[in-house]
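Undergrad: Predicted structure and sequence below. I'll ask about it afterward.
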Amino acid sequence: MQNSNFFLQQGDPSVANKWAANLLKECAKAISDKDSAKIQHILWMLNELASPYGDCEQKIASYFLQALFCKVTESGEQSYRTLVSAAEKSHSFESARKVILKFQEVSPWTTFGHVAANSAILEALEGEPKLHIIDISNTYCTQWPTLLESLATRSDETPHLKLSVVVIGGGAGGSVMKEIGQRMEKFARLMGVPFEFNVINRNSSLSELREKEFGVKEDEAVAVNCIGAFRRVGVERREEFVRMISSLRPRVVTVVEEEVDFSSNRDDFFKCFEECLRFYSMFFEMLEESFVPTSNERLMLERECSRSILGLLACGADGECAERREKGTQWCKRLSEAFVAASFSEDAIDDVKALLKRYQLGWSLVPASGDSSGLFLTWKEEPVVWASVWKPV
Amino acid sequence: MPVEFEGSSVMTMSNSASGEASVSSGHLPAAASLLPPPKKKRNLPGMPDPDAEVIALSPKTLMATNRFVCEICNKGFQRDQNLQLHRRGHNLPWKLRQRTGKEVKKRVYVCPEPSCVHHDPSRALGDLTGIKKHFCRKHGEKKWKCDKCLKKYAVQSDWKAHAKTCGTREYRCDCGTLFSRRDSFITHRAFCDALAEESARTQTNAVAVAAEKESKLEVTAPANLQEKQMAPPPPPSDQKEPENAAGILQYLPQPPLAPVSMCSNSSCTTTSCGSSSLFASTVATQRTSFSDLIGSMGRPEVEPPSLCLSSNGPSSLFPPAPDRRQFPALQPSAHMSATALLQKAAQMGAAASGSSFLRGFGLAASSSPLAAGGGGEAQWPEPASMSAGLGLGLPYDSGCAAAGLPDMMMGSASLFGSKPAATLDFLGLGPSGGANAGGLSAFINSIGGGGLEAYSSGRSSSPVKTWDGGGGDVKANGRAIL
């Protein structure tokens, strides 16, 4: 700790409490300036102070240190691959279920998007006898049981539902989705909803998806649900991806993304670093306040973040490692090329509000304004997740 | 052969608190695996794979939490230092590939309490968290008391879950989890093993549920097939029941047309044929339960008609006209919400789903990374000891480490002058060849595993105690290499 005071002696105590951010910024700056002596010094200090099992500051320090170290030693891609393959090895239905459901229980981070999207989909497809939902998302179908239940309990005739889920990367993901599919089928049967489940397995990236793979039929009312999907498409191929979705002729498209910009700054290391630090500091703090300290689910989520941080900061700007998120305004610009922004109904907004009431204080709902549309989930006044609904032109 | 587990020392338990020699390593006794499956009650938890390695942990070890989990191999450690030491052993990524090559042996765990049924290796449980919670719940002190209703719990997480919902409206899944929120309950229900394990019962339940919806009768649904087998076959309570059954069945993904003719006969065999084709999409574990079911159906006391959906004839089972509008019973009716349906199904599934049998087999093997934290009582280490963590923990390989030493990393060794010894000991290099690599390059090399020889030789001579001594002691021990 002695050495770190070198950087902390100036400034007020509240800044000093953020020692990790201060040190990391110094380090990132030094990397931008190619000041090798300083880089070494700070990396060393960070290494002394950081721990993935410590408090929030220590965790931030640890995971960003890992990314910065890889950046400096140009070993980002390799480390990223190793971490991903280690994560895939332990990936299973059981582990995914535990982490996702626990996260949903303690934080509206993901459920916000599910509720908003489900409301929009149900409204847009109301009265249709055959629904086809194309799900390009990272939610492992945890969004659908409540939708199935809504379909089963609503007053008009229960429609037939076809659910086509896109899985990236095959391997463990494929077998996990198979298991999930079986559960969805059972659950639909229990609910009395006529149901068909398809998995579209992709080994390559989402941008390779083609319209014909979804087997859309003439008499189906199509909804496309994209939660965390666009960020997994390379920045250069996003326009094309929007066009592909449009070619499915959906009645409605729901898009949910995290509100952070890793795209426009991708060629400016320091700017990208700052945005990354801002977002993940907030995310880690949110996790800390939501989970009990010894939660393993939290550790798993943090490790997922650590891989993203590494991918963003230490891998090439155009590589597939980085999920280059964009902000609501940026997505709106892209989506407006093929769709018209629709607004969430009063009912949908009420549903989301009711959802947020069940979580701890700090969460709220803010409608997007200016040149973007949709809804923001905010945490401590900061917009963190963006949900939107789009209709064909 | 001693079994090493979870980074702690060999679990020899002959002197354990229970006074019971309970380490048994290797295979289950042959007798256990020879037990004919039909003789086992289906809903008893613990029917381990005969090939699995049986692990017996002392109560103390069992209750210790392994907070620090290696992200590469998921080994858990009670102390961060142990994890850090362990991590150096991963020469990533090539070591990783080695590991994937060999099959990890399945492990099952027995309860340390000698009087407990799960003390017997043939009734071992398939996951560590499971046995921990079992031991706590059944043999532990109930020290967690609910302030509102004074109910006591042995497992803190049970108590917490209860406290959250005590006094409020609760949704209860038959896995035992309580929910105060309907949507969480619904989502959980869809993903819960309890639903998956129902496999064989699903059709029965579905019929019963549908019948109830239609007739508003209080149908006492059989809790599981076993009970049903013992009971006299319920008379067809309502003429509409077969219609309901048909209605449910036609929503199966692939209408099973083939078995129709077989179902006209209500013998056991045909029923099982019908079931297996009805559930053609079920996973292998469910098939296990089916075979079990089929096996038990062979016994004389079984009353086949009670199991057979088609007792009213095949024509009603598989109606020729697939238009579902013919079957108004299926339309959700106002008097029974879907949630109520769920809860009903949960009740009906309750008796058998307590079984951890399927879970123990198929699922637990992959859940190890999460299992280690089950205790929930681990203390976070103090920051001081945490800072000892070297380890960028970077997965790194030799080619990379070599390439990753740009000039700037070599230049300013003097910066480290203030605590060179710490450098040395952090790396665990000890007085070894690693020192020759010099300064930061040694540092980086050994982090990465590029300096494989350097630190593997260093490891043997580097005293473990340097990891325990905290920052100050560490500095005193090392040899300056810069």
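TA: Nice, thanks for sending it over.

Undergrad: My guess is residue A:374 contacts residue A:383. True?
TA: No - using C-beta atoms under 8 Å, residue A:374 is not in contact with residue A:383, being 10.5 Å away. For the C-beta atoms, the positions are set from N, CA and C on the backbone; glycine is no exception.

Undergrad: Mind listing the shared neighbours of these two?
TA: residue A:328 (C-beta atoms under 8 Å, 6 or more residues apart in numbering or on different chains).

Undergrad: who's more crowded, these two?
TA: residue A:374 (24 against 17; other C-beta atoms under 10 Å in any protein chain shown).

Undergrad: Could you pull up the residues touching the more buried one?
TA: A:255, A:328, A:332, A:341, A:344, A:367, A:368, A:386, A:387, A:388, A:389.

Undergrad: please redo it, this time with the cut-off set to 10 Å
TA: By C-beta atoms under 10 Å, 6 or more residues apart in numbering or on different chains, the contact set of residue A:374 is A:116, A:254-257, A:328, A:331-332, A:335, A:341-344, A:367-368, A:386-390.

Undergrad: Just to be sure, which of these are found in strands?
TA: Judged by DSSP state E, the contacts of residue A:374 include A:254, A:255, A:256, A:257, A:341, A:342, A:367, A:386, A:387, A:388, A:389, A:390 as members of strands.

Undergrad: Pull the contacting residues for the nearest residue to the fifth one once chain neighbours are set aside.
TA: In this structure, residue A:341 finds its nearest non-sequential neighbour in residue A:373, 3.8 Å apart by C-beta to C-beta, 6 or more residues apart in numbering or on different chains. The contact partners of residue A:373, taken as C-beta under 10 Å, 6+ apart, are A:328-329, A:331-332, A:335-336, A:340-344, A:367, A:386, A:388-390.

Undergrad: Same check on residue A:25?
TA: A:7, A:18, A:42, A:64, A:270, A:273, A:274, A:277.

Undergrad: Emit the ChimeraX select command for whichever of these are buried.
TA: In ChimeraX, this line selects whichever of the contacts of residue A:25 come out buried by 16 or more other C-beta atoms under 10 Å in any protein chain shown:
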select /A:7,18,42,64,273,274,277
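
Undergrad: Adding pLDDT as columns, could you present the contacts of residue A:25 in a markdown table?
TA: Converted to a markdown table, these look like this (pLDDT from 0 to 100):
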| residue | pLDDT |
| --- | --- |
| A:7 | 48 |
| A:18 | 85 |
| A:42 | 94 |
| A:64 | 95 |
| A:270 | 94 |
| A:273 | 95 |
| A:274 | 95 |
| A:277 | 96 |
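
Undergrad: Return the member of the contacts of residue A:25 nearest to chain B.
TA: residue A:42 (10.1 Å; C-beta to the nearest C-beta).

Undergrad: my read: that closest one touches residue A:50, true?
TA: No - using C-beta atoms under 10 Å, residue A:42 is not in contact with residue A:50, being 11.4 Å away.

Undergrad: Quick check: neighbours shared by the two?
TA: Shared contacts of residue A:42 and residue A:50, counting by C-beta under 10 Å, 6+ apart, come down to A:23, A:24, A:65.

Undergrad: between those, which is nearest chain B?
TA: Closest to chain B, out of all of those and judged by C-beta to the nearest C-beta, is residue A:65, at 6.5 Å.

Undergrad: Which of the helices or strands spans the closest one?
TA: Per DSSP states H and E, residue A:65 falls inside helix A:56-72.

Undergrad: same for that helix, what does it pack against?
TA: Applying 3 or more C-beta pairs under 10 Å, 6 or more residues apart in numbering or on different chains; DSSP states H and E, we find helix A:56-72 packed against helix A:19-33, helix A:36-49, helix A:76-89, helix A:269-290, helix A:296-314, helix B:383-386, helix B:439-448.

Undergrad: Tell me if I am right that residue A:148 is in a helix.
TA: Yes - the assignment for residue A:148 by DSSP: H, G, I helix; E, B strand; the rest coil puts it in a helix.

Undergrad: Using PDB, write out the CA atom coordinates for the host helix or strand of residue B:188.
TA: Using DSSP H and E, residue B:188 sits within helix B:182-191. This file holds the C-alpha atoms of helix B:182-191, laid out as PDB (Å, rounded to 0.1, in the frame of the first residue of the first chain):
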ATOM      1  CA  ARG B 182     -45.000 -15.500  -9.600                       C
ATOM      2  CA  ASP B 183     -42.800 -14.900 -12.600                       C
ATOM      3  CA  SER B 184     -39.700 -16.300 -10.800                       C
ATOM      4  CA  PHE B 185     -41.700 -19.300  -9.900                       C
ATOM      5  CA  ILE B 186     -42.900 -19.800 -13.400                       C
ATOM      6  CA  THR B 187     -39.400 -19.500 -14.800                       C
ATOM      7  CA  HIS B 188     -38.000 -21.700 -12.200                       C
ATOM      8  CA  ARG B 189     -40.700 -24.300 -12.700                       C
ATOM      9  CA  ALA B 190     -39.800 -24.600 -16.400                       C
ATOM     10  CA  PHE B 191     -36.200 -25.100 -15.700                       C
END
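
Undergrad: any residue of it up close to chain A?
TA: Yes - Helix B:182-191 is in contact with chain A by C-beta under 10 Å from any C-beta of the partner chain, via B:182, B:183, B:184, B:185, B:186, B:187, B:188, B:189, B:190, B:191.

Undergrad: The first one against residue A:149, yeah?
TA: Yes - counting by C-beta under 10 Å, residue B:182 sits close enough to residue A:149 to count as a contact (8.7 Å).

Undergrad: More neighbours: these two, which one.
TA: More crowded of residue B:182 and residue A:149, by other C-beta under 10 Å: residue A:149, with 27 against 16.

Undergrad: Give me the distance between that one and residue A:180.
TA: Counting by C-beta to C-beta, to the nearest Å, the separation of residue A:149 from residue A:180 is 17 Å.

Undergrad: Give me the residue ranges of the stretch 51-200 of chain A where confidence is low.
TA: For the stretch 51-200 of chain A, residues meeting the criterion pLDDT under 70 lie at A:155, A:169-172.

Undergrad: Can you list the residue ranges for helices in it?
TA: For the stretch 51-200 of chain A, the helices defined by DSSP state H, counting those that start in this stretch cover A:56-72, A:76-89, A:93-106, A:108-124, A:144-153, A:171-191.

Undergrad: got the CA coordinates for the first one in PDB?
TA: Output in PDB follows, covering the C-alpha atoms of helix A:56-72 (Å, rounded to 0.1, in the frame of the first residue of the first chain):
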ATOM      1  CA  CYS A  56     -14.900  -4.300  -5.600                       C
ATOM      2  CA  GLU A  57     -11.800  -2.200  -6.000                       C
ATOM      3  CA  GLN A  58      -9.600  -5.300  -5.800                       C
ATOM      4  CA  LYS A  59     -11.700  -7.100  -8.300                       C
ATOM      5  CA  ILE A  60     -11.700  -4.200 -10.800                       C
ATOM      6  CA  ALA A  61      -7.900  -4.000 -10.300                       C
ATOM      7  CA  SER A  62      -7.500  -7.600 -10.800                       C
ATOM      8  CA  TYR A  63      -9.500  -8.000 -14.000                       C
ATOM      9  CA  PHE A  64      -8.300  -4.800 -15.600                       C
ATOM     10  CA  LEU A  65      -4.700  -5.600 -14.700                       C
ATOM     11  CA  GLN A  66      -5.100  -8.900 -16.500                       C
ATOM     12  CA  ALA A  67      -6.300  -7.100 -19.600                       C
ATOM     13  CA  LEU A  68      -3.700  -4.400 -19.400                       C
ATOM     14  CA  PHE A  69      -0.900  -6.900 -18.900                       C
ATOM     15  CA  CYS A  70      -2.100  -8.800 -21.900                       C
ATOM     16  CA  LYS A  71      -2.200  -5.600 -23.900                       C
ATOM     17  CA  VAL A  72       1.400  -4.700 -22.900                       C
END
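
Undergrad: could you give the angle of it to helix A:296-314?
TA: Orientation of helix A:56-72 against helix A:296-314 (axes from the mean of the first three to the mean of the last three C-alpha atoms, to 10 degrees) gives an angle of 30 degrees.
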